[in-house]
Structure formats: C-alpha cells, structure tokens
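Enquirer: build the 3D model from these lines:
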Amino acid sequence: VQLVESGGGMVQPGGSLRLSCAASGFTFSTYDMSWVRQASGKGPEWVSEIIADGRNTYYADSVKGRFTISRDNAKNTLYLQMNSLKPEDTAVYYCNADGETPNKIHRAYWGQGTQVTVSS
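Expert: Residues are numbered from 1 along each chain as shown. Down below sits the predicted model:
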C-alpha cells in the first residue's frame, strides 16, 4: 500500500497550490479519503474529507470556502486545491485513506506528507 503526496511548496499569501495524493495497493474507490495537516510544534488538524464515491465533502471551518477536495477514482488520486492561502496554512499535509478490506477488516493508511509553506 502506498499513498504518495505531491504538489507542496512555498507560496506567497493569497497564492494557490494543488496537492495530489497517488494511491496504490488497495481499492481506492471504496475508501473515504481525507487531508490532515500538522504545523510545526502543533498537533494534527483535520482539513477535509471526501467519501468513497465523491458525492459528499466536508471541510474544517478554517479552510471552508478556500480549499476544495476532489478525487479521481479512475486515476486512484486524491486532490486538494488550496486558494487564498494564509501563513497559518503552513504545515505538512498528509493524505489518509479509511475503509475496509473485502472481508470487512478496517484499514487506515497514511502518506509521508508534503510541506506547504505560505510566506512573503
């Protein structure tokens, strides 16, 4: 199983970035997917979730209206479009997969993270 995030980097306040998370080794289309971030010296913060079929999305109040989560089940890829970025969005962003194996065993997987830095 692999979750590989990409697309992080440094951007000025007000800028945009698009994160991607490429999944392999499990049935991506049956797993709910989330983005979680962790700023230096702070605990993890849930950012957004999209359910398996992509019909429902959820956002933390801190990112609502600025971030958009999406997925392409044909490409086994999760996305996070981040607009109007603020310095407080600076963090390592992780993607998370949550679901069940065909024999109903719960599984949760994490990527290695990608750094997002918002600074002038």
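Enquirer: and for Y109, the neighbour number?
Expert: 17 (other C-beta atoms under 10 Å). No exception for glycine: its C-beta is placed from N, CA and C like everyone else's.
Enquirer: which residue packs closest to it, ignoring adjacent ones?
Expert: A97 (4.4 Å; C-beta to C-beta, 6 or more residues apart in numbering).
Enquirer: got the contact list for that neighbour?
Expert: The contact partners of A97, taken as C-beta atoms under 8 Å, 6 or more residues apart in numbering, are 3, 23, 26, 28, 31-33, 107-110.
Enquirer: regarding S29, what is its secondary structure?
Expert: Under DSSP: H, G, I helix; E, B strand; the rest coil, S29 falls in the helix class.
Enquirer: now the spatially most central residue of the chain: how far from N103?
Expert: Of all residues in the chain, the one closest to the mean position by C-alpha atoms, centre = their mean is W35, 2.8 Å from it. For W35, the distance to N103 (C-beta to C-beta, to the nearest Å) stands at 28 Å.
Enquirer: how about L78?
Expert: The separation that L78 has from N103, given C-beta to C-beta, amounts to 24 Å.
Enquirer: follow-up on the earlier one: ChimeraX command for the buried members of the contacts of A97?
Expert: In ChimeraX syntax, the buried subset of the contacts of A97 is picked out as below (16 or more other C-beta atoms under 10 Å):
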select :3,23,26,28,31,32,33,109
